[in-house]
Structure formats: C-alpha cells, structure tokens
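Compute the structure for the input listed below.
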Amino acid sequence: MPATRTPVPAPPPGSAAPVPPQEATAPAPAEAVTPLIRGVAVLRQLTGAGGTASPSELERSTGLARSTVDRIVATLARMGYVRLDGRDAVLAPRVMELGNAYLAALRLPALLSSHADALADELDESVSLAVADGSGIRFVHQATRRRAMSLSFRIGDLLPAERTAPGPLFATEWTDEEWRSWRARRTADPDDRAFPAVPPPPPALSDDDGFARRTALAADEDCALDDQLIEAGLVAVSVPVRDPRSGRIACVASVVSHTSRHTAADLRATLLPRLRAAVAAMEDELRRVPAAESGPPPAGLAVWTGASKQELGREFIESLARGLTVLTAFGEGRAELTLTDVAKATGLARATVRRALITYEHLGLVTPSTPRTFALTPRVLALGFPPLSRTSLPRIAAPHMAALAGDIRETTSLAVLTESREEIRYTARTAASHVMSVDVGVGTRLPAHATSMGRVLLAAPSDPASAYALADEELEQGVRAIAVPIRDRAGVTVAALNAATHVARRTAEECVRDILPALRSTASRIEADLHTAARFTHVPLT
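So this is what the prediction gives:
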C-alpha cells in the first residue's frame, strides 16, 4: 500500500463475474478443495433460508449426502459459525467475522457511515451505501428509519442491478464482456430466482434495452432513479461516490422512500440536492483519509484446528475449517495480501493457503488484485451476514442464557436501564425448571436501585463494584439475585445479566462461589458475539 495519503480504492472491476450470482458455473479447478466448496454451499443455503435450516433441508438444497451435511454442520458448530437448535442448524453471530473481514478491508462503511447516518436523520428517510457485485449490487451500510412501513433490505443483501437505482450507475463502467454476461444472466434467470432478497420482477422489466437507456441517462446526469422497480411503492434516488484518486465509483449512496411520502420525481426535485451535498462530503472524506496502516496481522488463526480434529475425529472437516480461516486473514490495512501474507496470518502451510485461494477465486469470493496479491469480493457477505445484520442483543443472548440456566438450574434474565435511569426493563429471560421459581416476564419494569441488574447498570464503568452486584431479598422476600454487566465494543455497560434463586436453595456465599463464575463466563460469550455483530451493524439492545 502507498505510504502517501490516499483515498480508499474502488472495489476492483470484475470482483465477481456478472453471471448467476450465487453459484459458480465453470468446473472447479483440479486443485480446488472440495470440502471447502461444499461448506460454502451450506453457508449460502443457510443464508438464503434466513439463517435456519434443518439437515434434511440442507441436503435437498445443496444436493449433498446427509452424512456430508452433518459433518459440515458439526464443523461449523465447532467454529462457532452455527449453533444447533434441536435438529436445526442456526447461523451464529460469529460467522459475521467473515463479512467483517471484507467490510474492514473495504473501509468504506467505517469512513462513510456517519455521513449516511447524518443524512438519514436530516431527511428522515432511509439511506444506504452499496457496492457492485457482478451484475448486481450489494449493500454495505443501511441507515433505516423505523416506521410501520419500513425497508427490509439488510447489509449483504444482493439485488439485480437493473431493478435498482445504483445499478445503472455501476453499469456505466461495465465492459462489453460484462454487458454480455449480464444479458446471459437475464436469459438464464428471468424471474430473479438467484436474488432471494427481491420479489419476482414486473413484466415491464423484460425490456433489456430499458436498462441500457437508464444507464446512458445515469452517465449523463450522474444520478439514477428507482421508480418502483423492486416493488410497488418503493422509490429511490442514487448518486455515485467516486474514488478521488481513480475517478471510478467506489460505492453508491441512495435515499430510499415509498410513494406515500415521495414520488420518484419528488425525490429528484427535493432530496437529490441534499444527497449530492452528502456525497461531496463523503468524497472529501476519502480524499483526506490516509492509507490504512497495515498493523500486525492476526497470528496463528488456524492453530486450534488440529486439536479439534483430534477431539472430534472424522466429524470435524479440518480442510473446511482451515479454508474459512483464510478469509479472516484480510481486514483493515490488509485489503490485498500475498499468499505468504495469508500463510503467516493463519499459521497454515503455503500449499494449504494456495489451494484455498484457488477455491475462493473459483467461487468468486476472492479476486487477484495484482499478479501477486488477492482481495476479498463483496460476495463474502453472502456467507451468513444478511440474516444476522439486524439481530438484537436479546437474540444474541438467548442461546447463551438457555445454556446457563441449564448449567446452574436457575432462572436467568437480561435487562437494560430505562431512559429515566430509575428502572430496569427485562428484555430476555430463560426460566429454570423448579416448582417454585422467579416469575418476571419480558417487558417488566422494576426499581433499579433495589435489583442486582439495576445496581450493575447504575455503577460507573470504572467502579470495581460494577464487576457484579448481589440483591438479597431487597425487592421481594425469598428472592436472591446476582448480576454482571454486559459491555459493548467501547467497554460501556449496556445491559446486565443475572441469575435469580430462592434463598432456601442457595446462600449469598454460594451464589458468589457457584453462580458468579458461570455468569461471568456467559457474559463474556455474549459480549464476544455482540462485539462481532456490532462491528459494522447497529445492534438494538431490546
């Protein structure tokens, strides 16, 4: 990377070939890692299914043998990328580290999201940032307004270029070959089945020349409109954010609304000037930002795979785990890596890394950025990111709380402070199986000063007492509870986790001795998932 002050480079042209976007069509190279191809297929199918699927559903959708699916799911569970809920496989927040690696390497969300968020607040409309992914567009940031009629698009969702406002802008930079590939995709998939985030297209979109005309108009006006191309009632206006160094489109900023608030013409007349001003500020940001410093890469990421293989035996597919680890070697300051760089970061042999990169290039997940370096493509976001990009803290905490309640056989709860800071509000709860148990439902409010969770939440972050709090029959006779904080990425206490018992079952000393270590361990796991999920998304606390 140059040492001079440089803006973020635009995503490399051809970062994902404009073909049917979810599957590679060419035969796999001889050196490709078959278990890695199969594991990626399972992650994609779980993503397309909304994050949850049974083994039999994965067997049908991937065409893999049931035994193969079971081994892949077991490996992904060992990695923390999925969890098992009964018979179902469920995507877990840790899988977002794959998409985080791409977004960190891209840098655009970190640099431009504050501008998008400010524009959304100013206009009281949703604002998004999107990058090109072959013949589609993929969202990398969403500032969504909460309304009864709101948008369901998520970070990582893929949309066909011809049905969006950003699409014609990206198409102004397509080569003749990319246009041919787009037409081939349209012929092969006229109903947009490869784009699960959108409904089937209206008949009017069968006119391919219409998209070409919209692209020519976008080239002339340096903006584009979506007048209900995705869905009736949805309108958007887009402006390109250009890399000041190359002049190419780095991403596209869009203001999205619905026809009960704005027509497409109204968006253009009233909101386009403010969008252009925000884009100018974004481009200034890119012009001023120095090149990302390449800090020390994560070391030895794959060391644990050998131990997992030894413990789980044939149920653990080591080549899949090692292959997925290769993606996490990328990040901020590590947008373009050589084979040697990846090997050093992961602790894998060069031959193993080489085969993984060959596999990922075949799948469209990495692209050669120079003859010696590789970069991630936006398609990495298809590996689990969209279903989890709108998760909440209670959803993140729920499986961990259930495991805790099972281990200690006591009811566990999660709570946050109300705006007045005088009460706590319960946001999640897992009951233990006792005839006599603490019965406080989600949504219940209690005085903060008289509860263990309230005391944790009211304590100053630097106060050693905020490590835990014990409430002994202060709110109600017979109830004893102990709580620990849940902290966000900045170290700020945002919620509290507790376990409650009857005084006849455990003394205060036993709560500290037996329950507190399990509480702290569970809180650490919740925080780890929260920090991964919140790196490039907003995670609501309730």
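
For my notes, confirm Leu129 occurs in a strand.
Yes: assessed with DSSP: H, G, I helix; E, B strand; the rest coil, Leu129 lies in a strand.

Start at 807, not 1
Okay, residue one is now 807; in that scheme the one you just asked about reads as Leu935.

Return the distance of the closest residue to it other than its chain neighbours relative to His921.
Spatial nearest neighbour of Leu935, chain neighbours left out: His947 (4.1 Å); criterion: CB to CB, 6 or more residues apart in numbering. C-betas here are computed from N, CA, C, even on glycine. Distance of His947 to His921, given as CB to CB, to the nearest Å: 10 Å.

low pLDDT regions in the stretch 1007-1156 of the chain?
Applying pLDDT under 70 to the stretch 1007-1156 of the chain flags the ranges 1010-1011, 1101-1106.

my bad, the stretch 1157-1306 of the chain
Applying pLDDT under 70 to the stretch 1157-1306 of the chain picks out residues 1240-1245, 1266-1272.

What ranges does it have for its strands?
Secondary structure of the stretch 1157-1306 of the chain (DSSP state E, counting those that start in this stretch): strands located at 1172-1174, 1179-1182, 1217-1223, 1229-1236, 1251-1253, 1275-1278, 1285-1293, 1299-1308.

who wins for proximity to Gly1053 among those?
Nearest to Gly1053 among the strands of the stretch 1157-1306 of the chain is strand 1179-1182 (19.6 Å), distances taken as CB to CB.

Can you tell me what sits against that closest one?
Contacting residues not belonging to strand 1179-1182 are listed as 818, 821, 907-908, 911, 1133, 1136, 1141-1145, 1148, 1163, 1167, 1171-1175 [CB atoms under 8 Å, 6 or more residues apart in numbering].

Separate out the buried members of those.
818, 821, 907-908, 911, 1133, 1136, 1141-1143, 1145, 1148, 1163, 1167, 1171-1173, 1175 (16 or more other CB atoms under 10 Å).

follow-up on the earlier one: in helices, which of the contacts of strand 1179-1182 appear?
Residues of the contacts of strand 1179-1182 located in helices (DSSP state H): 907-908, 911, 1133, 1145, 1148, 1163, 1167.

could these go into CSV alongside distance to Leu1126?
CSV is the format used below for those (distance: CB to CB, whole Å):
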residue, distance to Leu1126
Ala907, 17
Tyr908, 19
Ala911, 22
Leu1133, 12
Leu1145, 20
Val1148, 17
Leu1163, 15
Glu1167, 17
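
Tell me which two in those residues are the farthest apart.
Pairwise distances across the ones in helices among the contacts of strand 1179-1182 peak at 18.6 Å for Tyr908 and Leu1145 (criterion: CB to CB).

Could you list the low-confidence segments of the stretch 807-956 of the chain?
Those would be 807-831, 952-956, if you go by pLDDT under 70 across the stretch 807-956 of the chain.

Tell me where it has strands.
Under DSSP E, counting those that start in this stretch, the stretch 807-956 of the chain gives strands at 858-859, 888-891, 894-897, 932-939, 942-949.

moving C-terminal of the last one, what's the next helix or strand?
Scanning the chain past strand 942-949 towards its C-terminal end, the next helix or strand to appear is strand 964-966 (assignment: DSSP states H and E).

what about the very next helix or strand once past that following strand, distance to the chain center?
Going down the chain from strand 964-966, the next helix or strand is helix 972-977, by DSSP H and E. How far helix 972-977 lies from its chain's middle: 24 Å, per CA atoms, centre = their mean, to the nearest Å.

Can you tell me what sits against the helix or strand harbouring Ala1324?
Taking DSSP H and E as the definition, one finds Ala1324 inside helix 1322-1339. Residues from elsewhere that reach helix 1322-1339 (CB under 8 Å, 6+ apart): 898-900, 902-903, 906, 1194, 1197, 1199, 1202-1203, 1206-1207, 1209-1210, 1213-1214, 1218, 1274, 1288-1295, 1303-1305, 1345.

on that earlier part again, tell me the one of the ones in helices among the contacts of strand 1179-1182 nearest Cys1317?
If you rank those by distance to Cys1317 using CB to CB, Ala907 comes first, at 40.5 Å.
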